[in-house]
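**Q** Sequence and predicted structure, then a few things I'm wondering about:
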Amino acid sequence: MSSARPVPFLKGHGTENDFVIIPDPDGEFELSKEAVARLCDRRAGIGGDGLLRAVRSARHPEARGMAGEAEWFMDYRNSDGSIAEMCGNGVRVFARHLVRAGLAPAGELAVATRAGIRRVRLAADGGGVTVGMGRAALPAGDVRVTVGDRTWPARHVNVGNPHAVAFVDDLAAAGPLREAPGVAPAAAYPQGVNVEFVVDRGPRHVALRVYERGSGETRSCGTGACAVMVAAARRDGADPSADGNPVTYTVDVPGGRLVISEGTDGGIEMTGPAVIVAEGMLDPDLLAV
């Protein structure tokens with residue numbers, strides 16, 4: 001593709017976790033870490049917590065093996081340009097884009113991600129989007145989260161990407177979260193970690209703040225909300241795959257509300273909004289290294 005041609009883009013969000021979307025069906029772009037960070041910059045670029053590149057699975061080396069199940073691959077990058085395995089809010093927005101652009105029908109579709117296939121249901125009326133997030137893993141071992149001179153025990157939960165979930169008395173206790181919280185032992189998270197601070201709002205109803213690796217504090221984190229739901233359920237004595245009773249929690253995030261369910265097979269589903277707010281054309285120089 002000629003570097004002189006403008007590049008289409010969209011902007012979307014899920015519970016105010018916002019993303020730059022680059023349609024690249026044939027996998028023509030090589031997005032450098034610097035280019036992604038430039039696009040996600042809120043003053044010098046478009047602005048976003050991350051970037052979603054929409055590529056046909058058959059045209060991306062990391063997704064070719066999934067092409068038989070999912071036509072589209074979500075190449076997700078954090079706002080600093082680093083690569084992430086999955087993004088729960090992002091996959092809802094990604095699916096909304098595909099349907100809006102006529103690239104997939106409303107109803108059910110499969111999306112390839114670095115964490116595997118994610119199955120998505122979109123209401124034909126443009127309502128909420130539900131994503132099958134797979135099963136959570138809860139690695140053994142004690143984890144601690146530190147902000148300033150305060151330390152809390154945390155639960156290690158992996159929902160396609162890693163999380164440390166800490167229950168606190170007040171969300172303000174985490175402070176301004178301008179820097180990444182300390183997490184120990186570091187060996188528990190060799191690829192970095194997202195950290196959630198959680199308070200109770202009522203029966204099976206919690207609220208969180210989240211610091212995402214590579215992005216900082218964000219208004220929402222879909223995989224984080226799923227990790228929080230699993231950690232809260234286990235704390236509360238619920239384990240659907242063991243006790244045979246599905247469980248649902250409401251999870252409030254700074255940017256809105258998500259509903260997370262865990263079935264008796266251990267599968268997690270997340271339902272929430274997904275909105276496309278703008279589209280336009282990029283100066284191709286923004287994609288230069």
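**A** Right, received. Where do you want to start?
**Q** quick one: the helices in this structure?
**A** Ranges of helices in the chain, per DSSP state H, are 33-40, 88-100, 222-235, 240-243.
**Q** now those as CSV including distance to Arg257 and mean pLDDT?
**A** The way it works is simple: take the backbone N, C-alpha and C, and place the C-beta from them, glycine included. Output for these, formatted as CSV (distance: least, Cβ to Cβ, whole Å; pLDDT from 0 to 100):
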stretch, distance to Arg257, mean pLDDT
helix 33-40, 25, 96
helix 88-100, 12, 97
helix 222-235, 9, 97
helix 240-243, 22, 97
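**Q** Can you redo the ones you listed as CSV, where the extra columns are mean neighbour count?
**A** Compiled in CSV, the helices of the chain are given as follows (neighbours: other Cβ atoms under 10 Å):
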stretch, mean neighbour count
helix 33-40, 20
helix 88-100, 27
helix 222-235, 27
helix 240-243, 13
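**Q** can you list those helices in TSV and add distance to Leu258?
**A** Below are these laid out as TSV (distance: least, Cβ to Cβ, whole Å):
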stretch	distance to Leu258
helix 33-40	22
helix 88-100	8
helix 222-235	5
helix 240-243	18
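**Q** Of those, which is nearest Tyr211?
**A** Taking Cβ to Cβ, helix 222-235 is the member of the helices of the chain nearest to Tyr211, at 9.4 Å.
**Q** could I get the closest one in CSV with only the CA atoms?
**A** C-alpha atoms of helix 222-235 as CSV (Å, rounded to 0.1, in the frame of the first residue of the first chain):
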residue,chain,number,x,y,z
GLY,A,222,-13.3,-6.5,30.5
THR,A,223,-10.9,-9.3,31.3
GLY,A,224,-10.3,-7.5,34.6
ALA,A,225,-14.0,-7.5,35.4
CYS,A,226,-14.1,-11.3,34.7
ALA,A,227,-11.1,-11.9,36.9
VAL,A,228,-12.8,-9.8,39.7
MET,A,229,-16.0,-11.8,39.3
VAL,A,230,-14.2,-15.1,39.7
ALA,A,231,-12.1,-13.9,42.6
ALA,A,232,-15.3,-12.6,44.3
ALA,A,233,-17.2,-15.8,43.7
ARG,A,234,-14.4,-18.0,45.2
ARG,A,235,-14.1,-15.6,48.2
